[in-house]
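In: next one to model:
(2 chains)
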Amino acid sequence: MQRNRNKKVDAFAALLKQCTNLTNLTQTHAQILRLSLHTNNSLASTLVTLYASLRSPRHAHRVFSSVPAPALSLFNRAIRAFSKTPSFPSNPIKLYSQMLRNRIRPDNFTYPFVLNSCAALSCPKHGSEVHGRILRTGFCGYLPVCNALIDMYGKCGLLGLAWKVFDEMPVRDVVSYNAILGAHAKAGVDMESARRVFDEMPERNVISWNAMLVGYVNGGELELARYLFDRMPERNVVSWTTMLVGYTKSGCLELGRVVFDTMPERNLVSWTAMITGYAQNGRPGEALRMFRRMEELGMKPDAVTMTSVISATAQLGGPEMANFIESYVDKEMIERNERVLTALVDMHAKCGNIEGACRLFREIPHPDVFSYSALIVGLASHGHGSKALEVFSRMRGEGVEPDCITFIGVLSACSHAGIVDEGLRYWEIMVKDYKIEPVKDHYACMVDMLGRSGRLDEAFEMVKSMPMGPRPEALGALLAACRTYGNVEIAENVALKLLELEPDNTGNYSLLADIYASRGRWDDAARVRVVMKEKRVNKLPGCSWVEVPPSRIRADTALQVT
DNA sequence: TTAGGGTTAG
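Out: So this is what the prediction gives:
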């Protein structure tokens, strides 16, 4: 009987090896379940690994939890599988605690992956507990275990502890050096120390060179990065992608595109980097075109890719497109992590569906400053000022620290709700409690708020108090308020400054001419129009990056399709 | 076991 069962297990193990997609894997899994072989540790281990490699952590979790007494090997395979999706509910740290409760002793294959998750979740507390156990059980003699410790402390920013592990190791390999090098280079702020490690290490591989490259890129030292890139003894897809990111992050999209087009091989990360480059530099149409090309090549996006695709869609607007993208996320089983959900909240808000934005926000288990800000800004721009302020107060109650963008939402909420004194109070809170230095956009919000409610003198004072000098955003808001309330005196003052800063912006000339006209000062209005003509300032045609169906082209917009 | 891609902006 037992022998027969073992035979079947072997047969299924062989069958599983041939499963290359989710369809035939689930079919084989179904047969395993029918014969009640799913409690077999070895089959369950293979299933968990395969589901994880096909990016189906939910299936993997179901397999794992249906085994009543998981053995060490199954724990190890599951921990390894889930270390790729550390934010998933059954994360390696939980599995590790479970194995200790089950009195199963972790070994040298367990620790590196658990430590990886501690690093990914930035949990040095758990990490040092694991460290303690490693020391007590004598596993510090294993190179991969110590290397993972260096990496974990380095990624959590505890460089002293990383060095302590490094220094106490009797034997080190290139991985140990790379881990400590990466810890210094990553942020790009201490490249001198990184350089010292790099120069002193006994042996270097492509990973060591890439770690230095990343450091220069993240520190904004693009020329040094390029110098290094050109002289590397060996380059792989990571080196090329890092260089590509260097260019796109500093706004050199065209150079980034050249790198992308010339790199010898591209993977999902390279495609995502290029898509993100376009999305973050105001070229959402180009981002979506790249995404389509990537799909046509059969490359499946992941959560990171989709975050940028969603952000690009948000910039283009349109409720149909927003709904399409959301159902795409569902259909392709993209992990709905915090960043994906935040991007979806923002997208729906920008595409006019604030209810959809609120619905998605409720799905976020622990909203952070990004998620709260996206919702607050969204509510404010839809005119739900008091609802935005409610969300802000809930955010503070939850202990989430607002940032400068949150306050842009809060101040514009006050502006739209017409509650000026509240707005002034929030300004105080921003500056005094949160020590946030107001930037030009905050001033623009305040000027807009004071101006809308007719407090033009205070708005003017606000403009004059700007430490960076009057900026077009704030001046424009004040000029608009001057038109609403017919205040020519301030308007002339403001317009003069504004035209000096933005001589090519037609809106400013028109606004001033309108103000003169509304007060019956026809000669002055005409004078502005003449100046406009002399400067050859003509209305700029509307411009779009995407093909728009003819029915949606507004009659008053000259469309320049690129 | 070591290197690359992500969300919020009057």
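
In: leaving out the residues flanking it, which one is nearest to residue A:180?
Out: residue A:166 (5.2 Å; Cβ to Cβ, 6 or more residues apart in numbering). (Each C-beta comes from the backbone N, C-alpha and C, glycine too.)

In: pretty sure that neighbour is touching residue A:175, no?
Out: No - Residue A:166 is not in contact with residue A:175 according to Cβ atoms under 8 Å; the separation is 11.3 Å.

In: and the residue of the stretch 301-450 of chain A found nearest DNA strand B, what does it touch?
Out: Nearest residue of the stretch 301-450 of chain A to DNA strand B: residue A:373, at 2.9 Å (Cβ to the nearest atom of the strand). For residue A:373, the contact set (Cβ atoms under 8 Å, 6 or more residues apart in numbering) comprises A:402-403, A:405-406, A:409.

In: my guess is it is in a helix, correct?
Out: Yes - Residue A:373 forms part of a helix when assessed by DSSP: H, G, I helix; E, B strand; the rest coil.

In: isn't residue A:162 up against residue A:153?
Out: Yes - if you go by Cβ under 8 Å, residue A:162 and residue A:153 touch, sitting 3.9 Å apart.

In: looking at the two, which is more packed in?
Out: Taking other Cβ atoms under 10 Å, residue A:162 and residue A:153 do not tie; residue A:153 has more neighbours (28 against 23).

In: and the more buried one, how far is that from residue A:485?
Out: 61 Å (Cβ to Cβ, to the nearest Å).

In: contact partners of the helix or strand containing residue A:527?
Out: Using DSSP states H and E, residue A:527 falls within helix A:522-534. Outside helix A:522-534, the residues that touch it by Cβ under 8 Å, 6+ apart are A:506, A:509-510, A:512-514, A:516-517.

In: among the residues you listed, name the buried ones.
Out: Using 16 or more other Cβ atoms under 10 Å as the burial test, the contacts of helix A:522-534 include A:509-510, A:512-514, A:516 as buried.

In: out of these, which sit inside helices?
Out: Here DSSP state H is the test, and the buried ones among the contacts of helix A:522-534 give A:509-510, A:512-514, A:516 as lying in helices.

In: follow-up on the earlier one: shared neighbours of residue A:162 and residue A:153, anything?
Out: With Cβ under 8 Å, 6+ apart as the test, residue A:162 and residue A:153 both reach residue A:183.

In: can you map out the strands along the stretch 451-562 of chain A?
Out: A:543-544, A:560-561 (DSSP state E, counting those that start in this stretch).

In: those strands: lowest mean pLDDT?
Out: Among these, strand A:560-561 carries the lowest mean pLDDT, a mean of 26.

In: close enough to count as contact, residue A:487 and residue A:456?
Out: Yes - using Cβ under 8 Å, residue A:487 is in contact with residue A:456, at 5.3 Å.

In: re earlier: ok, so of the buried ones among the contacts of helix A:522-534, who is nearest residue A:301?
Out: Using Cβ to Cβ, residue A:510 comes nearest to residue A:301 of the buried ones among the contacts of helix A:522-534, at 43.9 Å.

In: dump the helix ranked longest in chain A to PDB, restricted to CA.
Out: Using DSSP H to define each element, chain A has its longest helix at helix A:2-17. Below are the C-alpha coordinates for helix A:2-17, written out as PDB (Å, rounded to 0.1, in the frame of the first residue of the first chain):
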ATOM      1  CA  GLN A   2       2.700   2.500   1.100                       C
ATOM      2  CA  ARG A   3       4.900   1.400  -1.800                       C
ATOM      3  CA  ASN A   4       2.000   2.000  -4.200                       C
ATOM      4  CA  ARG A   5       1.500   5.500  -2.800                       C
ATOM      5  CA  ASN A   6       5.200   6.200  -3.100                       C
ATOM      6  CA  LYS A   7       5.100   5.200  -6.700                       C
ATOM      7  CA  LYS A   8       2.200   7.600  -7.400                       C
ATOM      8  CA  VAL A   9       4.100  10.400  -5.600                       C
ATOM      9  CA  ASP A  10       7.000   9.800  -7.900                       C
ATOM     10  CA  ALA A  11       4.800   9.800 -10.900                       C
ATOM     11  CA  PHE A  12       3.200  13.100 -10.000                       C
ATOM     12  CA  ALA A  13       6.600  14.600  -9.100                       C
ATOM     13  CA  ALA A  14       7.700  13.800 -12.700                       C
ATOM     14  CA  LEU A  15       4.400  15.200 -14.100                       C
ATOM     15  CA  LEU A  16       4.800  18.400 -12.100                       C
ATOM     16  CA  LYS A  17       8.200  19.000 -13.600                       C
END
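
In: show me what from the stretch 401-550 of chain A comes close to DNA strand B.
Out: Within reach of DNA strand B by Cβ under 7 Å from any atom of the strand, the stretch 401-550 of chain A has these residues: A:403-406, A:408-409, A:411-412, A:439, A:441-442, A:444-445, A:448, A:473, A:477.

In: swap the cut-off to 6 Å and go again
Out: A:403, A:405, A:408, A:412, A:441, A:444-445, A:448, A:473, A:477 (Cβ under 6 Å from any atom of the strand).
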